[in-house]
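Q: here is a sequence with its predicted model. Questions after.
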2 protein chains.
Amino acid sequence: MKVSDIGEFGLIERIRKSTRARDKNIIIGIGDDAAAIKAPGHKYILLTTDTLVEGVHFDLKYFNFFELGWKLMAVNLSDIAAMGGKPEYALVTLGLPKNTKVSDIDSFYSGIKALGKKHDVKVIGGDIVNSPKSLFFTMDVFGTAGKVIRRSGAGIGDVIAAIENFGSSSAGLTALKRYGRKALSLKPCAFNSRSHLMPLPMVDEGRRIAKYATSMMDNSDGLARCLIEICKESKVGAKVYLGKIPLAKGANLKDALDGGEDYNLVFTLSRNKIRSIKNCRIIGEITSGKRIYLIGSNGRKSTLKDKGYEQI
Amino acid sequence: MKVSDIGEFGLIERIRKSTRARDKNIIIGIGDDAAAIKAPGHKYILLTTDTLVEGVHFDLKYFNFFELGWKLMAVNLSDIAAMGGKPEYALVTLGLPKNTKVSDIDSFYSGIKALGKKHDVKVIGGDIVNSPKSLFFTMDVFGTAGKVIRRSGAGIGDVIAAIENFGSSSAGLTALKRYGRKALSLKPCAFNSRSHLMPLPMVDEGRRIAKYATSMMDNSDGLARCLIEICKESKVGAKVYLGKIPLAKGANLKDALDGGEDYNLVFTLSRNKIRSIKNCRIIGEITSGKRIYLIGSNGRKSTLKDKGYEQI
């Protein structure tokens, strides 16, 4: 059996089962956006890691190194945001072919620092390794939280919500693949292309939402994947109104459901808390059962199948 | 300018200079075995990461996946050991070609868990990414310490010491390259080959040594690199007696100085503390100046040049 036969999420589930650890300080282990451990002083420590591999997560035809550094930090900060946490420190691993230009690494760190500065996140270590066949970058982020929001807390009757649009990054990627960096100066796709290259993690928003949310996850692997994971982990079903999903200009439903990488936050909350969150857009509700129904504007019902972005 | 022109340590220095952060809680940033931040309750939090890349750090001709998992944890735990810390939690990143066998990943995690169990370290998260061109594994370890030992604390007059032999892993690698896994059943090289595949990080020893040491580092990149780094960071020189370096059976001085990967701890301490550390073997002493002199058994003096293992 190959890893491609069971997929990324199948492999995660297998590893989760086999490594289950007994430790009262592990609040959240394998299978959420970040791990959480109990720290002294009624706080939680969050740990997360994310990797970008050349040819899989980025292509140097349309990414520059500044953007790569920015994006590496964005995807990691988004994992902390999805827990309701505050990112604090980062480690950076560079997997580099020997002929990588030093000036490119300088630009890469400039990108990391530019986004790090916005959120007061500092690089305190890492590793540099020779990787002759492909460029890759890994970041580990250490964060803290007073309260953590899991994927597993959605309750029957909760609404499913988001505060930003979906599909921008996916539509941008399509444009970048078609037009290269020219996409950045073409009016209809410039904004979406920029979203793909330099996404903005919703760190401050995540902490505000965490006050009210019962579950939360970022859409790195698509809105469909969020719905599947939240329902699976919370042991509930859902109804989602396709016409209510806020789409970015130039993006379609497929971009929103399958595309991911907007680093938008998808969350659930009790209906009476909706007004506590500014710009809260309801896209559906949590139901009993296990099924996730997608309801079209014409009232047609379909069942959401496991189509989220799986890498393996 | 390519990264190969300035080398791994040149690149680290460059990144260290450009990312220097002002934060009173960062006790140790870029440039030591692990980073240290101040935590509530008079403790320090240690963070470290290390990566193994196929064809660079391991070859599947002589490594099996159980050993790879074990080694990935060993190299990371050794970084915590070198700070005098206690490793606690780990994140694991898998960079996998799609055709990787699930059973190999199972073995890999068995190796991780086997060594993790010895030191009570639990895997609490990670990332899985597609990496079509090469297999790589990254681990991040979170540890704690009541006191941290840097590379920079060596004082003039301190002795340079170790408690284990050097060169075993390097001699083992030579045998594995020559004989493949047959090396494991050939009497003269079996022990050294095993040391290369499944090194034992000196976690308990590191914590004991930390009570007395003024500086410490693991020999992942060779004893020569330890001497160079400790002297550079402490702004001192050294005299090292080549005849006093404890060599593993079957290993030579070059294995010890340049080979690395024994995950042996090299440390300095005040002469009057020598008896406090069991099996403490003195190999030299810290001097004023900047030079590191290697003194042969015949009294011949040479200067240590920068020959430690650099990956880039």
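A: Okay, I see it. Here the structure is a predicted model, which is why all the values come from computation and not from measurement. Numbering: from 1, shown residues only, chains lettered A, B, ... in the order given.
Q: residue A:267: how many residues sit nearby?
A: 31 (other Cβ atoms under 10 Å in any protein chain shown). The C-beta positions use only the backbone N, C-alpha and C, and glycine is treated the same way.
Q: helix or strand right after the helix or strand that contains it?
A: According to DSSP states H and E, residue A:267 maps onto strand A:265-269. Moving toward the C-terminus from strand A:265-269, the next helix or strand (DSSP H and E) is strand A:281-287.
Q: okay, the angle between that next one and strand A:265-269?
A: With axes from the mean of the first three to the mean of the last three Cα atoms, to 10 degrees as the basis, strand A:281-287 and strand A:265-269 are set at 50 degrees to each other.
Q: strands paired with strand A:281-287, and their directions?
A: With DSSP bridges as the test, strand A:281-287 is paired with strand A:159-162 (antiparallel), strand A:237-241 (antiparallel).
Q: show residues contacting the helix or strand following the longest one.
A: Where DSSP H and E defines the elements, the next helix or strand beyond strand A:237-241 is helix A:253-254. If you take Cβ atoms under 8 Å, 6 or more residues apart in numbering or on different chains as the criterion, helix A:253-254 is touched by A:167, A:170, A:242, A:245, A:247.
Q: what's the closest of those to residue A:48?
A: Minimum distance to residue A:48 across those is 22.5 Å, recorded for residue A:170 (Cβ to Cβ).
Q: pretty sure that closest one is touching residue A:257, no?
A: No - using Cβ atoms under 8 Å, residue A:170 is not in contact with residue A:257; the gap is 9.4 Å.
Q: what number of residues lie near the closest residue to residue A:240 other than its chain neighbours?
A: Spatial nearest neighbour of residue A:240, excluding adjacent residues (Cβ to Cβ, 6 or more residues apart in numbering or on different chains): residue A:284 at 3.6 Å. A count of neighbours around residue A:284, defined by other Cβ under 10 Å, yields 22.
Q: quick one: low-confidence parts of the stretch 201-312 of chain A?
A: The model of the stretch 201-312 of chain A has pLDDT under 70 over residues A:306-312.
Q: make CSV from the contacts of helix A:253-254 and add distance to chain B and neighbour count to it.
A: As requested, the contacts of helix A:253-254 are arranged in CSV below (distance: Cβ to the nearest Cβ, whole Å; neighbours: other Cβ atoms under 10 Å in any protein chain shown):
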residue, distance to chain B, neighbour count
A:167, 23, 31
A:170, 18, 25
A:242, 29, 18
A:245, 27, 21
A:247, 28, 17
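Q: which one of those is nearest residue B:132?
A: Nearest member of these to residue B:132, counting by Cβ to Cβ, is residue A:170, at 21.4 Å.
Q: host element of that closest one?
A: Here residue A:170 sits within helix A:168-179, counting by DSSP H and E.
Q: ok, the residue nearest to residue A:240 touching residue A:159?
A: Yes - contact criterion Cβ under 8 Å: residue A:284 and residue A:159 qualify, at 7.3 Å.
Q: distance check, the closest residue to residue A:273 other than its chain neighbours against chain B.
A: Counting by Cβ to Cβ, 6+ apart, residue A:273 lies nearest to residue A:212, which is 4.3 Å off, once chain neighbours are set aside. Distance, residue A:212 to chain B, by Cβ to the nearest Cβ, to the nearest Å: 25 Å.
Q: picking up where we left off before, buried ones in the helix holding residue A:170, by neighbour count?
A: Across helix A:168-179, burial judged by 16 or more other Cβ atoms under 10 Å in any protein chain shown covers A:168, A:169, A:170, A:171, A:172, A:173, A:174, A:175, A:176.
Q: the second one touches residue A:256, doesn't it?
A: No - at 10.2 Å, residue A:169 and residue A:256 do not qualify as touching, with contact defined as Cβ under 8 Å.
Q: check contacts around residue A:160.
A: Remark: with contacts taken as Cβ under 8 Å, 6+ apart, residue A:160 is in contact with A:154, A:227, A:230, A:238, A:240, A:266-268, A:282-286.
Q: just the buried ones from the residues you listed?
A: A:154, A:227, A:230, A:238, A:240, A:266, A:267, A:268, A:283, A:284, A:285, A:286.
Q: closest one to chain B out of these, please.
A: When the buried ones among the contacts of residue A:160 are compared for distance to chain B (Cβ to the nearest Cβ), residue A:230 comes out closest, at 18.0 Å.
Q: wait, the closest one touches residue A:269, no?
A: No - here residue A:230 does not reach residue A:269: they are 11.9 Å apart, not a contact under Cβ under 8 Å.
Q: is the helix or strand in which residue A:125 is found in proximity to chain B?
A: Using DSSP H and E, residue A:125 sits in strand A:122-130. Yes - counting by Cβ under 8 Å from any Cβ of the partner chain, chain B has neighbours in strand A:122-130: A:122, A:123, A:124, A:125, A:126, A:127, A:128, A:129, A:130.
Q: out of those, who has the most neighbours?
A: Neighbour max across those (other Cβ under 10 Å) = residue A:125, 29 neighbours.
Q: can you confirm residue A:36 is in a strand?
A: Yes - using DSSP: H, G, I helix; E, B strand; the rest coil, the assignment for residue A:36 is a strand.
Q: list the contacts for it?
A: By Cβ under 8 Å, 6+ apart, the residues touching residue A:36 are A:26, A:27, A:28, A:44, A:45, A:46, A:47, A:83, A:145, A:148.
Q: ok, residue A:147 next?
A: A:44, A:84, A:210, A:211 are the contacts of residue A:147 under Cβ under 8 Å, 6+ apart.
Q: that one falls within a strand, correct?
A: No - applying three-state DSSP, one finds residue A:147 to be coil, outside a strand.
Q: how near is it to residue B:250?
A: 56 Å (Cβ to Cβ, to the nearest Å).
Q: and the gap between the residue nearest the centre of chain A and chain B?
A: Nearest to the mean C-alpha position of chain A, by Cα atoms, centre = their mean, lies residue A:220 at 3.1 Å. For residue A:220, the distance to chain B equals 11 Å [Cβ to the nearest Cβ].
Q: quick revisit: could you identify the most distant pair in the contacts of helix A:253-254?
A: Using Cβ to Cβ, these span at most 15.9 Å, a distance reached by A:170 and A:242.
Q: need the helices for chain A, in chain order.
A: Applying DSSP state H to chain A gives helices spanning A:3-19, A:65-81, A:102-119, A:168-179, A:190-197, A:203-209, A:223-234, A:253-254.
Q: close to chain B, is the longest one?
A: Yes - contact of helix A:102-119 with chain B is found when judged by Cβ under 8 Å from any Cβ, involving A:102, A:103, A:105, A:106, A:109, A:112, A:113.
Q: show me how chain A divides into domains.
A: A:32-145, A:159-303 (automatic domain parsing).
Q: give me the mean pLDDT for the shortest one.
A: To tie it back to what came earlier, the one meant is domain A:32-145. Averaged over domain A:32-145, pLDDT sits at 96.
Q: any idea how far apart the tips of that domain sit?
A: Using Cα to Cα, to the nearest Å, one end of domain A:32-145 lies 15 Å from the other.
Q: so how far is chain B from residue A:157?
A: Using Cβ to the nearest Cβ, one gets 31 Å for the distance from residue A:157 to chain B.
Q: now residue A:279
A: According to Cβ to the nearest Cβ, residue A:279 stands 31 Å off from chain B.
Q: got a list of what that residue touches?
A: Taking Cβ under 8 Å, 6+ apart as the contact definition, residue A:279 lies against residue A:163.
Q: kindly report the same for residue A:202.
A: So residue A:202 contacts A:78, A:81, A:163, A:164, A:218, A:263, A:264, A:265 (Cβ under 8 Å, 6+ apart).
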